[in-house]
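Engineer: coords please:
(2 chains)
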Amino acid sequence: NAGVTQTPKFQVLKTGQSMTLQCAQDMNHNSMYWYRQDPGMGLRLIYYSASEGTTDKGEVPNGYNVSRLNKREFSLRLESAAPSQTSVYFCASSDFQGGFFGPGTRLTVL
Amino acid sequence: AQSVTQLGSHVSVSEGALVLLRCNYSSSVPPYLFWYVQYPNQGLQLLLKYTSAATLVKGINGFEAEFKKSETSFHLTKPSAHMSDAAEYFCAVSGLNAGGTSYGKLTFGQGTILTVHP
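Structural biologist: Purely as a prediction, here's the structure:
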């Protein structure tokens, strides 16, 4: 039981490049989330998926897209990276035990 | 709409002293409240959660929190700090997701960095 896994762990992009952050959970949770963490700002919700086949915008969705590929997987895509997207990205899933977080992806956009 | 305010971005205590981390929330629906801990370069780990079953909630590592509806607070305490408690702590609030099948999206406070001095 791996919980929530994320790939990659680290990534450096140049402005304008694109990439996809991958997330998978093996806990059979319906709900999955993408957050970004910036110093002094806590975690802010980018997108979430309440169930397979549905996605909704969170607090800071601009510049991102998501895909809920199946119940296990929820990916986050940056189509044209900007320096303002330098951050640590966390994927999470939840049930009635709480929210469970992956180890994070540290992204730097130059 | 939901929001969380954590009072104090940094708290410093001596080893063996009481730890008190403050959290106030705002919610238009009955809230579910959580405390998470984050150690350097790691993800978030759930410490404890309030789900309306009991107002005093005990969590892992000796932490507990009390839900006070009249004060809209959910402060985190630990009677005696250990060096290993040094980390960043986040308070969060949620409701239920649209289908009622799990907790919904979490809204986080800005975090409190706890430093423990020997």
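Engineer: which intervals of the chain have sub-threshold pLDDT?
Structural biologist: No chain specified, so I'll use chain A. For chain A, the stretches with pLDDT under 70 are A:1, A:97.
Engineer: wrong chain, I was asking about chain B
Structural biologist: In chain B, residues with pLDDT under 70: B:97-103.
Engineer: cutoff 90 now
Structural biologist: Flagging of chain B using pLDDT under 90 yields the residue ranges B:1-2, B:27-32, B:40-43, B:50-55, B:69, B:94-107.
Engineer: all strands of it, in order?
Structural biologist: B:2-7, B:10-14, B:19-27, B:32-38, B:44-50, B:56-58, B:64-68, B:73-78, B:87-94, B:107-108, B:112-117 (DSSP state E).
Engineer: what angle sits between the third one and strand B:112-117?
Structural biologist: What that stands for is strand B:19-27. Following axes from the mean of the first three to the mean of the last three Cα atoms, to 10 degrees, one obtains 170 degrees for the angle between strand B:19-27 and strand B:112-117.
Engineer: closest to A:Gln6 out of the strands of chain B?
Structural biologist: The closest of these to A:Gln6 is strand B:44-50. By Cβ to Cβ, the value is 12.6 Å. Where you see a C-beta, it was placed from the backbone N, CA and C, and this is true even at glycine.
Engineer: in that closest one, what's buried?
Structural biologist: B:Leu44, B:Leu46, B:Leu47, B:Leu48, B:Lys49, B:Tyr50 (16 or more other Cβ atoms under 10 Å in any protein chain shown).
Engineer: is that strand anywhere near chain A?
Structural biologist: Yes. Using Cβ under 8 Å from any Cβ of the partner chain, we find that strand B:44-50 touches chain A at B:Leu44, B:Gln45, B:Leu46, B:Lys49.
Engineer: give me the residues contacting that strand.
Structural biologist: With Cβ atoms under 8 Å, 6 or more residues apart in numbering or on different chains as the test, strand B:44-50 has contacts from A:43, A:90, A:92, A:98-101, B:31-39, B:57-61, B:63-65, B:67, B:74, B:76, B:89-90.
Engineer: repeat for stretch A:60-71
Structural biologist: A:28-30, A:32, A:34, A:36, A:44-47, A:49, A:52-55, A:74-80, A:82, A:84-85.
Engineer: okay, it in PDB with CA atoms only?
Structural biologist: Extracted C-alpha coordinates of stretch A:60-71, given in PDB (Å, rounded to 0.1, in the frame of the first residue of the first chain):
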ATOM      1  CA  VAL A  60      -5.600  29.300  -8.300                       C
ATOM      2  CA  PRO A  61      -6.400  27.400 -11.500                       C
ATOM      3  CA  ASN A  62      -4.900  29.800 -14.100                       C
ATOM      4  CA  GLY A  63      -2.100  28.300 -16.200                       C
ATOM      5  CA  TYR A  64      -3.000  24.700 -15.300                       C
ATOM      6  CA  ASN A  65      -5.100  21.900 -16.600                       C
ATOM      7  CA  VAL A  66      -6.000  18.500 -15.100                       C
ATOM      8  CA  SER A  67      -7.100  15.100 -16.200                       C
ATOM      9  CA  ARG A  68      -8.700  12.500 -14.000                       C
ATOM     10  CA  LEU A  69      -7.600   9.500 -16.000                       C
ATOM     11  CA  ASN A  70      -9.300   6.900 -13.900                       C
ATOM     12  CA  LYS A  71     -10.200   6.500 -10.200                       C
END
